[in-house]
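Novice: A structural model of the following input is requested.
(3 chains)
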Amino acid sequence: MSKIETRLEELGLQLPNCPKPVADYIPGQIFLDRLVYISGQDCRKDGILLHEGKLGADVSIQEGVLCARQSVLNCLAALKNTIGDLDRVKKIVKILGFVASAPGFDQHPAVINGGSQLLIQLFGEDGRHARAAIGTSELPFNTPVEIEMIVELKQ
Amino acid sequence: MSKIETRLEELGLQLPNCPKPVADYIPGQIFLDRLVYISGQDCRKDGILLHEGKLGADVSIQEGVLCARQSVLNCLAALKNTIGDLDRVKKIVKILGFVASAPGFDQHPAVINGGSQLLIQLFGEDGRHARAAIGTSELPFNTPVEIEMIVELKQ
Amino acid sequence: MSKIETRLEELGLQLPNCPKPVADYIPGQIFLDRLVYISGQDCRKDGILLHEGKLGADVSIQEGVLCARQSVLNCLAALKNTIGDLDRVKKIVKILGFVASAPGFDQHPAVINGGSQLLIQLFGEDGRHARAAIGTSELPFNTPVEIEMIVELKQ
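Specialist: Here you go, the predicted model:
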């Protein structure tokens, strides 16, 4: 088992199966041989969204944090599906996270941080990444969080 | 004529002229010699948006699908303008699509799929891409769809 | 002093200190040795947002333009913090700008242009970039504008 998956287990977490794309795209794309773009992932666990609705109305910040963590877990599942072994990761380059928000909700960084912290717990310094956290009005299937990721691979 | 433009014609479509940027940016940017970033494109055809307004209110899913297809056509026009010949494409790396949404509309993947399917029809396996489809409240000039694209070129 | 910072001074502007990330991410990430992803930056100046709220309601287009310029200044501060010297920039690859919008506001390109024009003033032809300008309902801490940036470095 890869070091990263061992650490996941130590955190009491498990790599999900790669989420089946909900339309005509692929979960992850390798380009320039050493970069991977992971498609936007929602907070699905075993096929069902952890929570539904909007931060500031239906979903608490603490629940949103767990949604962001699940979205990153799904990114990692898509990444493993794409590259075979998570130990090939050189660094997490960047994530872009969207948070479905009721009017007036502006704590998007606190929500997306649930995903950022997991990446640092798993990959250490190589998990520190650039990031943008953006609020929006509606996300696919009413997920509260969607996250996409760019990764650099070891040569 | 390039293979890709021939296929476009077989589909009964035509590459539009490169959309004139609506402000101080360029339609596409080559970087690292082999990657191209295409600026966000709306669903303009001959200078006029195919539809205006929001999915879930003013624009049906079927109309949104056509808007996404037109946005991708505009991306390809910008790409040709940038690289000269669409046959230089090695693969479509990723698209990021935004869908202007009335409250409660959450079928963004079905809308953006209009663009994804065109890319696969045109480029075959090389057209399969990573993707994020995001809802939002407002888009420039009231376009229902805006799509940006990253492409890898052959060496 | 770098050429770029000299030009900034000639424009009567000053490079801010690198904005402290508001959560567990880094201001900028170098990858493939020659690309830099800059984390999303709001319009903070000396720790306080230039304006708060939404275009089309609380913030005028002219104020929004200044917010976009400040967001780009913060991107450049993060960039200097990441690479040491702004003269290492080969080109600005792309920016992605989000504009918090009241219902019906659709002039996002005019707002984000405040950032684009500054980049061209500073970097000349190397500052011409690809771009997407997107409206949204809510942004972190009620900033009217948030901008992220990708840069290519000289070899």
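Novice: Now for residue A:57, how many residues are close by?
Specialist: 13 (other Cβ atoms under 10 Å in any protein chain shown). Just so you know, the C-beta spots here come from the backbone N, C-alpha and C atoms, and that holds for glycine as well.
Novice: hang on, it is in a strand, isn't it?
Specialist: No: secondary structure assignment places residue A:57 outside any strand; it is coil (DSSP: H, G, I helix; E, B strand; the rest coil).
Novice: so what's the backbone phi/psi at residue A:89?
Specialist: Backbone geometry at residue A:89, expressed as degrees, to the nearest 10, gives phi -70, psi 130.
Novice: show me what contacts residue A:87?
Specialist: Taking Cβ atoms under 8 Å, 6 or more residues apart in numbering or on different chains as the definition of contact, the neighbours of residue A:87 are A:2-4.
Novice: Which one of those residues sits in the busiest neighbourhood?
Specialist: The member of the contacts of residue A:87 that has the most neighbours, counting by other Cβ under 10 Å, is residue A:4 with 21 neighbours.
Novice: and that one, what is it in contact with?
Specialist: With Cβ under 8 Å, 6+ apart as the criterion, the residues that contact residue A:4 are A:76, A:86-87, A:89, A:122-123.
Novice: quick one: which helix or strand includes it?
Specialist: Residue A:4 belongs to helix A:3-10 when assigned by DSSP states H and E.
Novice: Residue A:112 now?
Specialist: Assignment of secondary structure by DSSP H and E places residue A:112 within helix A:108-123.
Novice: same deal with residue A:29?
Specialist: strand A:28-31.
Novice: so what strands line up beside that strand?
Specialist: Each strand that pairs with strand A:28-31, with its direction, by DSSP bridges: strand A:35-41 (antiparallel).
Novice: Tell me who's in contact with the residue of chain A found nearest chain B.
Specialist: Residue nearest to chain B within chain A: residue A:40 (3.0 Å; Cβ to the nearest Cβ). For residue A:40, the set of contacting residues under the criterion of Cβ under 8 Å, 6+ apart consists of A:98, A:146-148, B:131-134.
Novice: Quick check: chain neighbours aside, which residue is closest to it?
Specialist: Using Cβ to Cβ, 6 or more residues apart in numbering or on different chains and skipping residues adjacent in sequence, the residue nearest residue A:40 is residue B:132, 3.0 Å away.
Novice: Residues contacting the helix or strand hosting that neighbour, please?
Specialist: Using DSSP H and E, the secondary-structure element containing residue B:132 is strand B:130-136. Contacts of strand B:130-136 with the rest of the structure, by Cβ under 8 Å, 6+ apart, involve A:23, A:25-29, A:37-40, A:96, A:98, A:136-140, A:146, A:148, B:93-101, B:105-106, B:108-109, B:111-112, B:116, C:134-137.
Novice: Quick check: buried residues in it?
Specialist: By neighbour count, and taking 16 or more other Cβ atoms under 10 Å in any protein chain shown as the criterion, the buried residues in strand B:130-136 are B:130-136.
Novice: Stretch A:116-134 now?
Specialist: Neighbour-count burial for stretch A:116-134, counted by 16+ other Cβ under 10 Å, picks out A:116-123, A:126-134.
Novice: For residue A:2, give its distance to residue A:38.
Specialist: Here residue A:2 is placed at a distance of 17 Å from residue A:38 (Cβ to Cβ, to the nearest Å).
Novice: Please name the nearest non-neighbouring residue to the residue nearest the centre of chain A.
Specialist: With distances taken as Cα atoms, centre = their mean, the residue of chain A nearest its centroid is residue A:72 (2.1 Å). When the adjacent residues along the chain are set aside, residue A:72 lies closest to residue A:115, with 3.7 Å between them (Cβ to Cβ, 6+ apart).
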